[in-house]
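[1] Fold the following for me, if possible:
(5 chains, ligands or ions: 4)
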Amino acid sequence: MPESRTTTATPGPRADGPDAHPPLLEVRGVTKSFGSGRRRLTALDGVDIQLGRGQTLGLVGESGCGKSTLARVLLGLERPDAGTVRYDGVDPFALRGKDLLNWRRRVQMVFQDPFASLNARMSAADLIGEPWRTHRDVVPDAKAREKRIRELLSLVGLRESDAHRYPNEFSGGQRQRIGIARALALDPDLIVCDEPVSALDLSVQAQVLNVLSELQSRLGVAYVFISHDLSVVRYISDRVTVMYLGKVIEHGETEDVFDRPQHPYTAALMSAAPVLDTSRATDDQEIQLKGEIPSPFDIPSGCRFRTRCWRAEDRCATEAPPAVVREREGAGDAHTALCHFPLEARSAWA
Amino acid sequence: MTTTSAPAPSATEPALDVEGLCVDLNTASGTLRAVDGVSFSVRRGRTLALLGESGCGKSMTALSVVGLLDPAAEVTGGAVRVRGKDTLRMSAAERRKLAGPVLSIVFQDALTALNPVQPVGRQIGEPFRIHRGLSRRQAEEKAVELMTRVGIPEPRQRAKSYPHQFSGGMRQRLLIAMAVALDPDVLIADEPTTALDVTVQAQIMRLLRDLQDERDMAVVLITHDLAVVAQRADDVVVMYAGTVVENGPVHDVFSSPRHPYTRGLLDSVPEDAERGRPLPAVPGSPPELSAVPPGCVFQARCPLVRERCVRERPSLRSTGDGRSAACHFSEELDRA
Amino acid sequence: SAAGDAGRADGRTLRVVLTQEPPTLEPCEASLTGTGVVVRSNITEPLVERDPDSGELHPLLATGWKQTNERTWTFDMRSGVTFQNGEPFTAEDAAFSIDRAVNSDLACNVEGYVFGNEDLEVKAVSDTRLTVTTEQPDPILPLRLSFVEIVPRTTDAEAKVRIPIGTGPYAVSSWQPGAAISLERHDDYWGDAPAFPRARYVWRSDASVRAAMIDKGEAEIAVALDPIEAEKDTTASFPNNETTALRLDGREAPLDDIRVRRAVDLAVDRDGIIDALLGGLAEPAGQLVPPGVVGHNDEIEPVRQNVARAKALVEEAKADGVPVDRQITLVARNGMFAGVSETAEALQYQMQQIGLNVKVRMADTATQLQYQLRPLPKGVGPIALLIMHGNQAGDAAFTTSQYLLSDGPQSAFGTEELDRRIAEAGALSGAERQKAFAELLADQNKTVVQYTHLAHMSGLLGLSRSIRYEPNSATGDEMRLAEVSPAKAKH
Amino acid sequence: MTEAESSAVDGTAPVKDAAPARNRPPSWWLLLGRDRAAAVGAVILTVVVLVALFGRLFIGDRARRQDLDASLRPPSLGDGVYGLLGTDVLGRSVLARLIDAAATTLSVAVPAVLCSLLIGSALGLWAGYHGGRRESVVMRVADVILSFPSLLIAVVVLYVFSPSALNIVLILAVARIPVYLRTSRAEAAELRSRLFVDAARTFGTPSRHIIYRHILPIALPTLLTVATLDFCFVMLTESSLSFLGIGIQPPDVSWGLMVAQGRQYLQTAWWITVLPGLAIVLTTVSATVLAAWARIATDPAQRWRLTLPRKRRGASAAVPPEMIP
Amino acid sequence: MVPFLRKRILSSAIPLVCVVLGVFFLARMTGNPVDLYLPLSATAEQRAEFSAAQGFDLSVPAQLWNYLVDAAHLDFGTSLRTGQSATSMVLDAFPVTLQLAGVTMLLAITGAVLIGSLAAYRPNSLVDRVASLLSMTAASIPDFWFAVMGVLVFGVSLAWLPTSGTLGGPEIWVLPIATLLIRPFGVLVQVVRGSMVSALSAPYVKIARSKGATPRRVIFGHALRNAVTPVLTVAGDLTVGLVNGAVIVETIFGWPGIGKLMIDSILQRDFAVLQAAVLLTAVTIFALNIIVDVCHALTDPRVRQAVPA
Ligand SMILES: Nc1ncnc2c1ncn2[C@@H]1O[C@H](COP(=O)(O)OP(=O)(O)OP(=O)(O)O)[C@@H](O)[C@H]1O
Ligand SMILES: Nc1ncnc2c1ncn2[C@@H]1O[C@H](COP(=O)(O)OP(=O)(O)OP(=O)(O)O)[C@@H](O)[C@H]1O
Ligand SMILES: [Mg+2]
Ligand SMILES: [Mg+2]
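    Numbers count the residues shown, from 1 in each chain, chains lettered A, B, ... in the order given. Ligands and ions are numbered 1, 2, ... in the order given. Predicted coordinates:
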């Protein structure tokens, strides 16, 4: 139902920028659920995000919190139940024919699962060149295509001779690079990266991250970067959005979120990340969350994190938490969180 | 460290000793050597981390140790010794006797590694049925205990659930429970947390360590995550293109790597990297398995490469203090 | 070794394997082959029976009969006959049976088959005397009545019965649908007691299985074997009164030209077909009625194959502008006789050899009947229809009125001349009748040539070595189990 | 380590230049040559196809030429080429008839299988990919066809209209459509939720191209396996139709018809029915073996098996589901 | 499960109606049966009378209406051929077919699972190749040929078995079942083998082997239940074939089943029996499809859960 969009102002990025240009990507109140009746699962619950040209938005959160679902909505693979998605002010779900194709070309995705997202019967070259079979004008002739494929392969750290190999002959990390090369094939404005480096080893991860940053600085590509590796998110993102059970619970500039988390969940997440220091035993500082993540079929009332929160009180069960906005001094987005008892800066760890 | 069962090796004798393991791989365009002379050993109670670029043969090594290689691959040389016997020369039946009580493995892919049509309790109890001859009921009882141990809430009810009714993290824990069921001497964990998010990952790693302490296992941990290695492992083996390029105690290796590849790997951690500045990555990519150069396998990407590296393959030389590296010029690195 | 369906070979049960399960045993349907072969003369009997060889009528339940006036016949009933249910047989029962078969609303097959639309007036004058009155004078009423099986008065007159009671040597003891019908000897039978106390019918549609059952000793008698079995000493062949022929539709070019029809006649290699395809069991035919039927012409020689002449005739016709290239459809029916499709192929080949264009179309019974019966289908082009005609009544009149009249129900065309002669012959009797029919049959071969006669056919029966049985031309329709005796009795 | 051809490597050069061009995947011929069974199957099939295509040119009318005097001659070397395999009841050369029948048999079986394969898979893939109402409608249609006694249709069409080869093809094709429909629908329904399909959708690839490029190639080996089994089934059905008298009409001849007609001579003249039966079995087994080979050869993950010495080769893998009678 | 069944049954209703109507019209296209049931010499009046008595003189829609009205009262008419009620004839014949089909499929599935699994466990071994070749051959032998051979060899030459028939001990089942069996068996062996091979390469099999499970345990404890889905589907469809068309076996061995009844009533234009038979087999086939779906759900908990609750 693309027409029934709600535009409730909830915590999150503020739309009013200094210039009149709409941002590259603006998502408002997107809700998506699967199944029906009693077995209805709310994967996204009123998510807002916003992203400018050439920017990177990091998206973190526990497994199953809806990150991939959001990515799929952004790519038009799922239609949201409610809410709006706008690219440069345009609703992709309303596009048809040529316009749709043009939009498709501007937005690409790197999938989470490098095994499933590549057709095992196509060689690396076919896979990378696949987008051009629909967008024939991008690289018109066969010679140029071959050349471009070679460029893309070396860009992501693969060999040119790998072009003729099939996915099963690559290890997980190598496949993921093919996926990245494929996403780059159309020179998109925005790439939604769903855990693009989690299957990669560090040296390749570094290569890939470098490629992504370089493209950004050179071509102004914007990223929505989903990852559970916080050091990577921290390295690559301008802003970070933290999700929990389908809702955005914290959003802000990267430093703000990482260094001064407001939401207890964010704090726990940060503390759980292992650090590369063999001399430091980190367990003591780690906030160990109790229990399992609640079933998405049965989301807790009030604050959805309360079942695992060490700060939870009765109020958390009854009232939906308010948006806490911590204004920042310099430029950039405000640091918002949904919590009754937000953490003070640095109170939780270190 | 306590020695539990009678035939278990003494504390000094390694629980698992891999020597010169070679694995060949059949592809449509010929036979490749995917693992080339890998050696390492690990004692009970210790954790050995296997590090390396993706595709360098870590999983192959792990699979050949437990004898579960794909039909496309074949062990062509070396020895894998547990309890003093070479498993590669055992009959299938003898090997089956070891699988579970002595050697155990946890795979990366928890989504598909559990049988989707069997209740998890049955699957977790299966080792007891196979090796201890328990009845189905008794085995399920044991399974419930194990599930409690790995922190599955309401284990008695959940034992009757099917894998798809569990989240990824829980499934990974079930796999671990299954792997440690018979208190194996050696537990191999092939990227047990890669698919999981940080909080769950931390839980799993904690669980593994607790179990290791409790049961005095030797653990071989395969992972990409240097931070995990740094925190959890005692020793580390760094592989590159099917060969071991460096090994030694984690702390030492990480603080002063003696192989340029290890150095490059450690440098690429984005931990303290500054946003906007390129990460110091190792340029290039590893050689193709079908065309590994005759000299050093790392020559094409090595900042220190000399003429000798092209001619002569460096062997894994001991560099003292229980470490070794396969580099002609490892001393230079130390100094650098 | 294992016993078959028909029970063990105990020497006391006569096991017969048929081609298919009788649809019903209703006595008034006994003119259906499938029913009659079981029912007739085994379970029920008519008043009179026709000798299949001589064609004469013999007394059965009637001991004598005479025509008392133009329209009335009187029959004397046999006494001392009892039905299988113990009731004595009287003229009342005979009257009831005739009424039931002919005058009721049962739509019996006999009614349509033998009596047309006519109703009979039947009256039991006494226990042993019966009079039958027809609407029109009917010289062959006794022959017609030989088709009516006699059942007791207690039989349902409103509905057909599946298991009849009769006066025959055997009574039905059980019918397992789909599997078998068992007969038990009727101990109070008025005639000679049959040799076998029990009989059992089973059915297999595949001829090779039927033959195998004889070989294996699972049955004593198997009907309708393939000619390929003819050489075995466990088979017996018998002329079954059937004649095969190709009916050429002379209304359509090129078959409208008599030269072409003659050419077809000359093209056919009857001996070859009989030897190779029919196991040598048939006789080449030159007319539609076999020997023994009133009107059969001994003089007519079957045409001998003469390809050269046939070709010349076709050429000649072609020269006169007859479109000999037009496709002729040769229609034949599956299962008409063993080897029918090969025969059709042979005919087609032989017709093609003389320059005609022929296509074979094998049809099922229902489809073939559309071609056989008037009204004939339109717009199907020239048809050469393979027919098989059985003259069970033994008189050529039954044949000519159906097959030779220019508007005969099963005839495609004819001439007024022939129609006239058929009408004349039908009115004659005795030697004149014989001569008239014989001549007109010869005449059709000369002037009309609607038929390319093939063969007077034979049936092939499988007989186990343990029994003796002489099949006759009626065997296909009524197999008298009472005539079967154990082989050892013979020696 | 295999030190093969890498002597030219210049250690300082970047690896991508140094690495020798990787061997292209081995050619189909090579892969076929490696699998002896499949090679034999391919040879047999080729022979059958060639015979079907050109056999009639050589035999002239020998398949039809009757000689009632030469009826049922056993195979012998003495009666010339055409007597090699004996004669049938009408004295026709069985060899010539086998050759003639090859053409008819294939001209019935191949179009029938192809038609049902094309229509069935196209509809099935379409329905499976799109799902929803389209899927249910198509599946219900399949249900109807499947539960319809195909014999009834056969009798109606073949008796009421004429029993031409074309009609037989049509009937067999229609009767077999549901098989492909269900198989391909199941495959497509499973594949449509695969990530690489989603990936293709993000490039804006139109549905029909996705079906053609991503779903079809994966479903195709299964469909082909079904088709080869079906090829066999169609020949057998055609033969059963002949058994019931409504198959190929003489003088045309098919293997099935030969088996059916020769059945009664099984004891006296085995060659009439055994030889065409053998032809059917050989052809279908060859096709099946070849299909199994194709399954492996077209699957990059399995292809290596064909490059191994015979005894170490593994499975041909994967499921050919729904090979309905 | 119940709503699933309800939905499944409801969705079968429309196709079922289509089948019934289709048979009705197709049968009428084969022409009027009058000629078949009257002597060749019957007169035109007799034919007309017979037509009227059987209701063939009515227009097809009128016949359809009558048929539907009667069918609503579960009266499917009377057989022209035997004069019995069509329903009773069909119900007599059906158990025979069901028994044949049931026993055949039971044997075929059991045998195929055993042999197919064995072949799949060691792909390309001797066992595998022999099993594959045999199954392929089995699947491509004309069944009537096999049946006649069986009769000649085992019935006559060796005299081990009765040639045919339905009355007698277990030995009478051997040849008919063997004839019916060859093709399903051949096909199923290949299906089982194929699906076993992929099941055996699944990660959970690796896990099972890492626990030290024996091959038997791996095959029957783990892989089989996962491999069974396509096997069930194919087996279901093969059973459909048997229910609808064991004609040849029934014909040759004289088993009075529904296939033979159906073909006989087609050839005899016995519409009442034909319609009743088709309706019954169609219902059976739909039921069979539903059973297969239920079996899927029983073997696979994921399917079970996907069923809307
Ligand atoms: N097509 C679907 N049908 C039903 N449920 C779905 C579907 N897709 C996703 N879900 C559910 O929606 C929730 C969010 O899933 P999603 O894949 O977006 O999580 P995620 O944050 O990407 O997790 P991960 O970090 O494990 O990738 C999960 O509970 C998932 O089970
Ligand atoms: N079937 C195959 N055909 C060709 N090459 C293969 C095949 N299977 C594996 N390989 C290659 O074997 C090498 C070793 O693979 P392995 O899975 O052991 O890597 P890994 O070290 O576990 O990598 P990762 O960290 O990405 O899991 C890789 O280079 C891979 O490309
Ligand atoms: Mg995800
Ligand atoms: Mg790996």
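[2] From ligand 1, how far off is the residue lying closest to residue C:198 once chain neighbours are set aside?
    Leaving out its chain neighbours, the residue that sits closest to residue C:198 by C-beta to C-beta, 6 or more residues apart in numbering or on different chains is residue C:13, at 4.3 Å. All C-beta atoms are positioned from the backbone trio N, CA, C, and that covers glycine. Computed with C-beta to the nearest ligand atom, to the nearest Å, the distance linking residue C:13 and ligand 1 is 71 Å.
[3] And residue C:13, how far from residue C:180?
    11 Å (C-beta to C-beta, to the nearest Å).
[4] Please go through chain D and pick out the longest helix.
    Selection of the longest helix in chain D by residue count, based on DSSP state H, yields helix D:94-130.
[5] other SSEs contacting it?
    helix D:36-59, helix D:132-147, helix D:165-191, helix D:207-210, helix D:216-243, helix D:255-262, helix D:270-297 (3 or more C-beta pairs under 8 Å, 6 or more residues apart in numbering or on different chains; DSSP states H and E).
[6] contact partners of the shortest one?
    Same thing as helix D:207-210. A:133, A:134, D:129, D:130, D:197, D:200, D:201 (C-beta atoms under 8 Å, 6 or more residues apart in numbering or on different chains).
[7] Flag every buried residue along it.
    Using 16 or more other C-beta atoms under 10 Å in any protein chain shown as the test for burial, helix D:207-210 gives D:207, D:210.
[8] Now residue D:102: closest residue in space, sequence neighbours ignored.
    Nearest one to residue D:102, counting by C-beta to C-beta, 6+ apart, is residue D:52 at 4.3 Å.
[9] Next up, the contacts around that neighbour.
    D:102, D:103, D:105, D:106, D:107.
[10] Just the CA coordinates for stretch A:306-315, please, in CSV.
    Taking Å, rounded to 0.1, in the frame of the first residue of the first chain, the C-alpha atoms of stretch A:306-315 are listed here in CSV:
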residue,chain,number,x,y,z
ARG,A,306,13.4,-4.8,29.1
THR,A,307,13.5,-8.6,29.4
ARG,A,308,17.3,-8.5,29.1
CYS,A,309,18.1,-5.1,30.5
TRP,A,310,19.9,-4.8,33.8
ARG,A,311,18.4,-1.4,34.4
ALA,A,312,14.8,-2.3,33.7
GLU,A,313,12.1,-1.3,36.1
ASP,A,314,8.3,-1.7,36.2
ARG,A,315,7.8,1.3,34.1
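[11] what about that stretch, near chain B?
    No. Stretch A:306-315 stays clear of chain B (C-beta under 8 Å from any C-beta of the partner chain), getting no nearer than 9.3 Å.
[12] Show me what counts as buried in that stretch.
    A:306, A:307, A:308, A:309, A:312.
[13] and that stretch, how far from the chain's centre?
    27 Å (C-alpha atoms, centre = their mean, to the nearest Å).
[14] Report the buried residues of the longest helix of chain D.
    Applying 16+ other C-beta under 10 Å to helix D:94-130 flags D:94-109, D:111-113, D:115-117, D:119-130 as buried.
[15] Likewise for stretch A:89-101?
    For stretch A:89-101, the neighbour count (16+ other C-beta under 10 Å) marks A:92, A:95, A:101 as buried.
[16] count of neighbours near the closest residue to ligand 3 within the stretch 1-150 of chain E?
    Among all residues of the stretch 1-150 of chain E, residue E:4 sits closest to ligand 3, at 30.0 Å; criterion: C-beta to the ion. Using other C-beta atoms under 10 Å in any protein chain shown, residue E:4 has 18 neighbouring residues.
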